[in-house]
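S.K.: okay, here's the prediction I keep looking at, along with the sequence it came from:
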Amino acid sequence: MYELERFRSLVLSLSWVEIEFARPRVRSEHVDGLARIYWTLDDWMQRVALVQLVQDQDHPALRPVMLDVLRAPLTEDTENVELTKAAALGLIDARYNTFMTFYEDRAALHAAVDEVLAAHGSGEEPSGPSDRCCGQLRRGSAPLGAASACW
């Protein structure tokens, strides 16, 4: 339990360096609890942080989490969100386990995200650059509980 609370605190803090160093400490027995924590987070960047924390795990409980994070908007820390989506794609389907391709070709990343979301009935908004909200670029949809006139 203590470890889960520590991981939760890291996610809430958005301390990217600490999250990176904590990744090796995540074990398979933590995954179910971390997946439950994911669904309690209202902030997309916290959800991105949790996915970064668990990205080395291959566990069935993470599949819905990985599908959901593909909907994250690219309104803040775009690079971080895009790279998290690239990692999530590889865990969803081995055909997309091409992180370096997506790192170098963001258009291919966005196309793959759109394809996966459409295939799983989760493509509420396109992940490409055409979606705008309040004059700002938006990709994905609002996290649960988000309050904004744009959403």
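M.R.: In hand now; what should we look at? Numbers count the residues shown, from 1 in each chain.
S.K.: and the strands in the chain?
M.R.: Applying DSSP state E to the chain gives strands spanning 132-133, 136-137.
S.K.: find the centremost residue of the chain, please.
M.R.: The chain has residue 69 as the residue nearest its centroid, 3.2 Å off, counting by C-alpha atoms, centre = their mean.
S.K.: report the contact partners of that one.
M.R.: By C-beta atoms under 8 Å, 6 or more residues apart in numbering, residue 69 lies in contact with 47, 48, 51, 84, 85, 88. Backbone N, C-alpha and C define where each C-beta goes, glycine included.
S.K.: got a winner among these for most neighbours?
M.R.: Among these, residue 85 has the most neighbours (other C-beta atoms under 10 Å), with 28 neighbours.
S.K.: you'd agree it is up against residue 68?
M.R.: No: under the criterion of C-beta atoms under 8 Å, residue 85 is not in contact with residue 68, lying 11.0 Å apart.
S.K.: what comes up buried for stretch 31-39?
M.R.: 31, 33, 34, 35, 37, 38 (16 or more other C-beta atoms under 10 Å).
S.K.: can you lay out those residues as CSV showing pLDDT?
M.R.: Below are the buried residues of stretch 31-39 laid out as CSV (pLDDT from 0 to 100):
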residue, pLDDT
31, 97
33, 97
34, 98
35, 97
37, 97
38, 98
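S.K.: in helices, which of those fall?
M.R.: 31, 33, 34, 35, 37, 38 (DSSP state H).
S.K.: which non-adjacent residue is nearest the third one?
M.R.: Setting aside the residues directly before and after it, residue 34 is nearest to residue 54 in space (C-beta to C-beta, 6 or more residues apart in numbering), at 5.5 Å.
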